[in-house]
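Take a look and give me a structure for this.
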Amino acid sequence: MTESNAPSTAERDEQAAPTIETSSTTIFQTARGTAVKLLSRYENSDSYIDKLLDAELRRSELEAADRALVTELVNGTVRWQSRLDWVLTGFYHGEFAKGLPLVKNAMRIALYQIMFLSKIPAPAAINESVEIVKRIKGDRHAGIVNGVLRNILRNIQTIRYPERSENEALHLSVHYAHPQWIVKRYLERYGSEQAEALLSANTHRPMLTLRVNTLKTTVADVERQLNEAEIKYEISPIHPSSVLITSLRDVRALPLFQNGHVTVQDASASLAIQLADPKPGMHVLDLCAAPGGKAVHAAELMKNQGSVIALEKYESKLRFIEENAERSGCSIVRPEQGDARTYETTELADIVLVDAPCSGLGTLSKKPDIKWRRDIDDVRKMAVTQREILGHAAQLVKVGGAIVYSTCSIEPEENANIVQWFLENHPEFSLDRAESRLPAEVCTDGMLQTLPHLHKSDGAFGARLIRTR
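Below you'll find the model as predicted:
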């Protein structure tokens, strides 16, 4: 079993969480009740868990420790869902998959605490979930939940999983809670050892990455302030202006964030802008900009001199770009509403950023539900949109300028295959090898490629394409 490198804030706070209420009217207002409610809502909708969680916590009156606990239980249960279900199915009398969503999710969060949160007493975790089911579904269902969970607890050391020697893909799929189609692709592409390391990295609780805004401060000053606030951190091994935070409940409350000295952005995303290499005075066009992290980073590297048009298809998201730019002190960023596939302009750009819509399969640590929501057909469908946007971008960049195509995916269909298609259909462009602007360890075949288990970042891709004529 692979666990996080260190206990989370939520795990430490969990011991102090109040005992769950016994009234059915308040059961869903507690941390564990809220977690069960959210997981059941997620199971019955096509929404992503981060959106449901964010909306619920914005409405909630839970204390900070309980909000952290809800986040831990929800994300952890989704992250390990198939492994939890494997165990529950083996002990459940009947078909666990056909059980009531509320009952299944009450059992899942209890088992998650038993298996992955070592600070929590197992009997307490069981009692909380039994009480939730009892108050909502009655004694009969509660009795089943209690019996199954206590039977698992008695036999926790002897639970059997698929043998690796008999079916490696199934073994890894259950052990690291990934769909078999993903496991098989990893095994084919990376081999057994690297595939397992990547699967393991995908199940770690994510670290928060803060990129230092060099317009306003320095890495040294950010480090000083973090040390004074007793916030644990480390510098990214691939991007020296990115700081990895091991535990932080609310980044918005951090003065460094409020003052625009740091922005939440993965190191791999920062590397994509480093690959673009924007200079002061340039005209940059970001075709898929929201929430604006890459556009703002480009403006920072340009020392707020020049112009950055941040295009976003949905008008409701423009405010996120505006807020990020204002907080960071980047007055040259101009948000515009428009479709990246049809956008027209009379001023050709020095750099066009194509941070293309993608499967997100490089972000499974941060967004664990993606692995359950996506399949290989989704990856192939994404490629159609990616080709449309990148093909149109060719019309928007001047001779001598560059397109930087990037994704937060590690799937070839969305990455190298798209670049190959583009170069075959646009002979006026050539690949500018990434090694000239980035560390060699993040470059593969002349393009940016990060992997979670190697770089302590999202899995991401980038390619710089120069218009030569």
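
Show me this structure divided up by domain.
9-158, 168-202, 211-262, 267-467 (automatic domain parsing).

could those domains go into TSV alongside mean neighbour count and mean pLDDT?
For glycine as for every other residue, the C-beta is placed from the backbone atoms N, C-alpha and C. Shown next, in TSV, are the domains of the chain (neighbours: other C-beta atoms under 10 Å; pLDDT from 0 to 100):
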stretch	mean neighbour count	mean pLDDT
domain 9-158	18	86
domain 168-202	19	98
domain 211-262	16	93
domain 267-467	20	97
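
ok, the closest residue to residue 370 other than its chain neighbours - contacts?
In space, and not counting its chain neighbours, residue 370 is closest to residue 360: 4.9 Å by C-beta to C-beta, 6 or more residues apart in numbering. Contacts for residue 360 (C-beta atoms under 8 Å, 6 or more residues apart in numbering) come out as 367, 370, 374, 408, 409.

I'd like those residues as CSV, with secondary structure and distance to residue 350 appended.
Output for the contacts of residue 360, formatted as CSV (DSSP: H, G, I helix; E, B strand; the rest coil; distance: C-beta to C-beta, whole Å):
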residue, secondary structure, distance to residue 350
367, coil, 33
370, helix, 34
374, coil, 35
408, coil, 24
409, coil, 26
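
Closest one to residue 270 out of the residues you listed, please.
Checking the contacts of residue 360 against residue 270 by C-beta to C-beta gives residue 408 as the nearest, at 12.5 Å.

Residue 171 versus that closest one, what's the distance?
For residue 408, the distance to residue 171 (C-beta to C-beta, to the nearest Å) stands at 28 Å.

Strands of the stretch 51-200 of the chain, start to end?
With DSSP state E, counting those that start in this stretch as the criterion, the stretch 51-200 of the chain has no strands.

Next, the contact list for the residue nearest to residue 81 when sequence neighbours are not counted, please.
The spatially closest residue to residue 81, leaving aside those adjacent along the chain, is residue 177, at 6.3 Å (C-beta to C-beta, 6+ apart). Contacts for residue 177 were tallied using C-beta under 8 Å, 6+ apart; they are 79, 80, 81, 82, 83, 84, 203.

which of these sit farthest apart?
Spatial extent of these (C-beta to C-beta) is set by the pair 84 and 203 at 12.2 Å.

can you confirm the residue nearest to residue 370 is in a helix?
No - counting by DSSP: H, G, I helix; E, B strand; the rest coil, residue 360 is not found in a helix; it is coil.

How about residue 244, nearest residue that isn't a chain neighbour?
In this structure, residue 244 finds its nearest non-sequential neighbour in residue 207, 4.5 Å apart by C-beta to C-beta, 6+ apart.

What's the local residue count around that neighbour?
23 (other C-beta atoms under 10 Å).

For residue 73, see how far away it is.
According to C-beta to C-beta, residue 207 and residue 73 sit 19 Å apart.

Next: residue 362.
Distance of residue 362 to residue 73, given as C-beta to C-beta: 25 Å.

Over to residue 450?
For residue 450, the distance to residue 73 equals 29 Å [C-beta to C-beta].

Could you do residue 156 as well?
In terms of C-beta to C-beta, residue 156 sits 19 Å off from residue 73.

Kindly report the same for residue 173.
On the measure of C-beta to C-beta, residue 173 and residue 73 end up 23 Å apart.

Pick out the residue closest to the middle of this structure.
The centroid of the chain falls nearest to residue 366 when counting by C-alpha atoms, centre = their mean (3.0 Å).

you'd agree that one is up against residue 205?
No - using C-beta atoms under 8 Å, residue 366 is not in contact with residue 205, being 9.4 Å away.

list the residues that contact both of the two?
With contacts defined as C-beta under 8 Å, 6+ apart, no residue is shared by residue 366 and residue 205.

hmm, back to that, and the residue nearest to residue 244, how far from residue 242?
From residue 207 to residue 242 the distance is 10 Å (C-beta to C-beta).

what do you get for residue 218?
In terms of C-beta to C-beta, residue 218 sits 14 Å off from residue 242.

so what sits against both of the two?
Taking C-beta under 8 Å, 6+ apart as the contact rule, residue 218 and residue 242 both touch residue 212.

what lines up beside the longest strand seen in the chain in the sheet?
Of all segments of type strand in the chain, defined using DSSP state E, the longest is strand 397-407. Strand 397-407 has its sheet partners listed here by DSSP bridges as strand 349-355 (parallel), strand 460-467 (antiparallel).

Distance to residue 146 added to those, as JSON lines?
Putting the strands paired with strand 397-407 into JSON lines (distance: least, C-beta to C-beta, whole Å) gives the following:
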{"stretch": "strand 349-355", "distance to residue 146": "49"}
{"stretch": "strand 460-467", "distance to residue 146": "45"}
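
The ones you listed: which one's closest to residue 325?
Closest among these, using C-beta to C-beta: strand 349-355, at 14.7 Å.

Run the chain-centre distance for the closest one.
24 Å (C-alpha atoms, centre = their mean, to the nearest Å).

any idea which helix or strand comes after it?
Next helix or strand after strand 349-355 toward the C-terminus (DSSP states H and E): helix 370-373.

starting at the chain centroid, how far to that following helix?
12 Å.

after that helix, next one along is what?
Counting by DSSP H and E, the element after helix 370-373 in chain order, helix or strand, is helix 376-393.
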